[in-house]
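Trainee: Sequence plus the predicted model coming up.
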Amino acid sequence: MLRTHNCGELRLNHVSQDVELCGWVQKSRDLGGMTFIDLRDRYGITQLAFNMDSNPELSGVARKLGREFVIKVVGTVKERENKNLQIPTGEIEIIVKTIEVLNESITPPFTIEEQTDGGDDLRMKYRYLDLRRSSVRSNLQLRHKVAQQTRIYLDTKDFIEVETPVLIKSTPEGARDFVVPSRMNPGEFYALPQSPQTFKQLLMVSGFDRYYQIVKCFRDEDLRADRQPEFTQIDCEMSFVEQEDVLNMFEGLVKHLFITVKGIDISSLPRITYDEAMKYYGSDKPDTRFDMKFVEMNEVVKGKNFKVFDEAELVVAICAKGCADYTRKQLDELTDFVKRPQIGATGLVYARINVDGSIKSSVDKFYDETALKQWAEKCNAQPGDLILILAGNKDKTRKALCELRLEMGSRLGLRDKNTFSCLWVVDFPLLEFNEEEGRYFAMHHPFTSPKPEDIHLLNDASSLGKVRANAYDMVINGVEVGGGSVRIYDKKLQSRMFEVLGFSAAEAQKQFGFLLDAFQYGAPPHAGIAFGFDRLCSLFGGADSIRDFIAFPKNNSGRDVMIDAPSTIDEKQLKELNVAVIK
Ligand code: ASP
């Protein structure tokens, strides 16, 4: 090896030892008689010292080293006179005897420091330099740890890691597929998997019993901060289990990850139904770091000649603790917030419960003090609290109030990134009606089992929306980190499901014949889940974007600006692939 130690490990107990270190020149400081260099590698930074008086020649060489030169030094560990207790190696320095330049560097386009002068785009283009920065590197170290601990947990539970193919078949359900032309099969295409769903189910038919895979998945969707066209899942499946078993097994995984990666002991995950989540939080992924549950107000507000409330399907409130002193300006801000097109409310009604107990609302004309007292009671509002109310169509109003609740949570500092609140959302609807397409879609995916007690509802077109699924999501801090379901394992029921989704028997056979066929050969009851691995890592790292936890991510337009992909390919290649580009 070219070194005896790394740049993060020398301490006072190494004083007087001769050592060899390799690394990058982070910074050099020239203080007349002394020159200091910060030598950096993955493990840390060690200070190198050069004395002009005792070794002028070597000091001269040191002064000429540029930023990011790769060097090897031989020297002796010495206790520092000016200690830097901010860094682990800050009590020592190396009195250098020889320097060898292993490679030079041109001046990097941005400083490789925590507070870098490089903007987002520049850092993406030179991602390999950005990855030298300790914060970015430590995100990937965290990722490594989460992957390792996942494997440890699942291995102890007898899960087998099996790889499934990346070149598969395009399916019409779900998101858009990335496709790959096949040179050997002109006019035909593979698709990249959106998830290994059908393969893991086939592995259950094969008797693997417990499967997992930390696996790349691909979805050609519009991108957002927390989405990437290729992303990683912790994908799992189990045989001979019921929903309860899956919930317990993977609650165990998340607890294991929290304790081993974050040192946090989380308690058992509460479970709420989809209907409750929508009713109390207006979302199927509620942020439960704070309470502020919705209070439905219909019964206390209707019939007082206030048209907005009288005509609304739903009038629903939240109570913001201690916000009665919000100024006019702050309330106007909140009104503007809910009226933004993305949120779409028509207005905001509020009532202040003043500290002296009096109540003042924005609709005093219609509601006297007695009526307002009823509001306060209903919302369990105390003196000093502020009630915020939205009204209108049920679904839209819930969605808008969900946004307002999150906004209030943020304003009140209730969404701390280092606080974690996990829960299961269960009993999702099986199907979801799509107005544009005029048909039902599977809310999770077409392989999800209806609740046995709801199966009869599948026989009547008018009750399809009422069928509940044995499907579940794990939500942490308002982020859906995992989702899964108990699967259909009966050919007849699976065929009925395809029928409900608008597939003809022939289409179902063409698309999913392999699975329907497999179900005829003794398919065991099975269920599973997949976690968004990148999201889980970013959550553990206290970040909003998953990009910082992926070594080489794509930008918001799905491009890798470092290697410049996607890119055109030449005519010859296109011909060989039988692909014509339409311009
Ligand atoms: N394959 C599903 C998904 O990607 C997860 C599952 O049902 O296991 O969302």
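Mentor: Thanks, I have it.
Trainee: centre of the chain versus the longest helix seen in the chain, how much separation?
Mentor: Criterion DSSP state H: the longest helix present in the chain is helix 134-156. A distance of 15 Å separates the centroid of the chain from that of helix 134-156, by CA atoms, centre = their mean, to the nearest Å.
Trainee: Same question for stretch 335-354.
Mentor: Relative to its parent chain, stretch 335-354 has a centroid offset of 29 Å by CA atoms, centre = their mean.
Trainee: Buried ones in that stretch, by neighbour count?
Mentor: For stretch 335-354, burial by neighbour count (16 or more other CB atoms under 10 Å) applies to 335, 337-338, 343, 345, 348-353. C-betas here are computed from N, CA, C, even on glycine.
Trainee: Distance to residue 115 and pLDDT for the residues you listed - can I get that in TSV?
Mentor: Putting the buried residues of stretch 335-354 into TSV (distance: CB to CB, whole Å; pLDDT from 0 to 100) gives the following:
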residue	distance to residue 115	pLDDT
335	38	97
337	32	97
338	37	97
343	35	95
345	40	95
348	40	97
349	45	98
350	42	97
351	46	97
352	43	97
353	45	97
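Trainee: Strands - which of these land there?
Mentor: Counting by DSSP state E, the buried residues of stretch 335-354 place 349-353 in strands.
Trainee: Tabulate those residues (JSON lines), appending distance to the ligand.
Mentor: JSON lines is the format used below for these (distance: CB to the nearest ligand atom, whole Å):
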{"residue": "349", "distance to the ligand": "39"}
{"residue": "350", "distance to the ligand": "39"}
{"residue": "351", "distance to the ligand": "42"}
{"residue": "352", "distance to the ligand": "44"}
{"residue": "353", "distance to the ligand": "44"}
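Trainee: Can I get stretch 301-310 as PDB, trimmed to CA atoms?
Mentor: Taking Å, rounded to 0.1, in the frame of the first residue of the first chain, the C-alpha atoms of stretch 301-310 are listed here in PDB:
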ATOM      1  CA  VAL A 301     -72.200  25.900  10.800                       C
ATOM      2  CA  LYS A 302     -75.100  25.100   8.500                       C
ATOM      3  CA  GLY A 303     -78.500  27.000   8.500                       C
ATOM      4  CA  LYS A 304     -77.200  30.500   9.500                       C
ATOM      5  CA  ASN A 305     -77.700  32.000   6.000                       C
ATOM      6  CA  PHE A 306     -74.000  32.000   5.200                       C
ATOM      7  CA  LYS A 307     -74.300  30.700   1.700                       C
ATOM      8  CA  VAL A 308     -70.700  29.500   1.300                       C
ATOM      9  CA  PHE A 309     -71.200  27.100   4.200                       C
ATOM     10  CA  ASP A 310     -74.800  26.200   3.500                       C
END
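Trainee: What residues sit buried inside it?
Mentor: 301, 306, 308-309.
Trainee: ok, now stretch 218-233?
Mentor: Buried residues in stretch 218-233, counted by 16+ other CB under 10 Å: 218-219, 226-229, 231-233.
Trainee: same thing with stretch 380-394?
Mentor: By 16+ other CB under 10 Å, the buried positions in stretch 380-394 come out as 381, 385-392.
Trainee: Show me those that map onto helices.
Mentor: Using DSSP H, no member of the buried residues of stretch 380-394 falls in helices.
Trainee: Farthest pair within those?
Mentor: 385 and 392 (23.4 Å; CB to CB).
Trainee: At which residues are the helices of the stretch 51-200 of the chain located?
Mentor: Along the stretch 51-200 of the chain, counting by DSSP state H, counting those that start in this stretch, helices occupy 56-64, 120-125, 127-130, 134-156, 197-205.
Trainee: Return the most buried member of those.
Mentor: Stretch with highest mean neighbour count among the helices of the stretch 51-200 of the chain: helix 197-205 (a mean of 22; mean count of other CB atoms under 10 Å).
Trainee: on contacts alone, who are the packing partners of that helix?
Mentor: strand 210-218, strand 230-239, helix 505-518, strand 526-532 (3 or more CB pairs under 8 Å, 6 or more residues apart in numbering; DSSP states H and E).
Trainee: what residues does the protein put near the ligand?
Mentor: Applying CB under 6 Å from any ligand atom, we find that the chain lies next to the ligand at 195, 197, 483-485, 528-530.
Trainee: again, only using 8 Å
Mentor: Within the chain, the positions near the ligand by CB under 8 Å from any ligand atom are 194-197, 200, 217, 233, 235-237, 444-445, 447-448, 471, 482-485, 487, 528-530.
Trainee: Around residue 375, how many other residues sit close by?
Mentor: By other CB atoms under 10 Å, 23 other residues sit near residue 375.
Trainee: now residue 40
Mentor: 22.
Trainee: Quick check: pLDDT value at it.
Mentor: With respect to pLDDT, residue 40 scores 97.
Trainee: when you give positions from now on, start the count at 36
Mentor: Will do, 36 is the new start, and the previous item becomes residue 75.
Trainee: For the lengthiest strand in the chain, which strands pair with it and how are they oriented?
Mentor: The single longest strand within the chain, with elements called by DSSP E, is strand 53-66. Note on strand 53-66: by DSSP bridges, its sheet partners are strand 69-76 (antiparallel), strand 105-114 (antiparallel).
Trainee: now it and helix 91-99, what's the angle there?
Mentor: Angle of strand 53-66 versus helix 91-99, following axes from the mean of the first three to the mean of the last three CA atoms, to 10 degrees, is 70 degrees.
Trainee: Relative to residue 363, which of the buried residues of stretch 415-429 is nearest.
Mentor: residue 421 (12.7 Å).
Trainee: picking up where we left off before, which of the strands paired with strand 53-66 has the highest mean neighbour count?
Mentor: Highest mean neighbour count among the strands paired with strand 53-66 (mean count of other CB under 10 Å): strand 69-76, a mean of 20.
Trainee: could I get the strands paired with strand 53-66 as JSON lines with distance to residue 578?
Mentor: As requested, these are arranged in JSON lines below (distance: least, CB to CB, whole Å):
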{"stretch": "strand 69-76", "distance to residue 578": "23"}
{"stretch": "strand 105-114", "distance to residue 578": "30"}
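Trainee: Excluding residues flanking it in the chain, which one is nearest the residue in the stretch 36-185 of the chain that the ligand sits nearest to?
Mentor: Residue of the stretch 36-185 of the chain nearest the ligand, by CB to the nearest ligand atom: residue 185 (15.0 Å). The shortest distance from residue 185 to any non-neighbouring residue, by CB to CB, 6 or more residues apart in numbering, is to residue 269 (5.5 Å).
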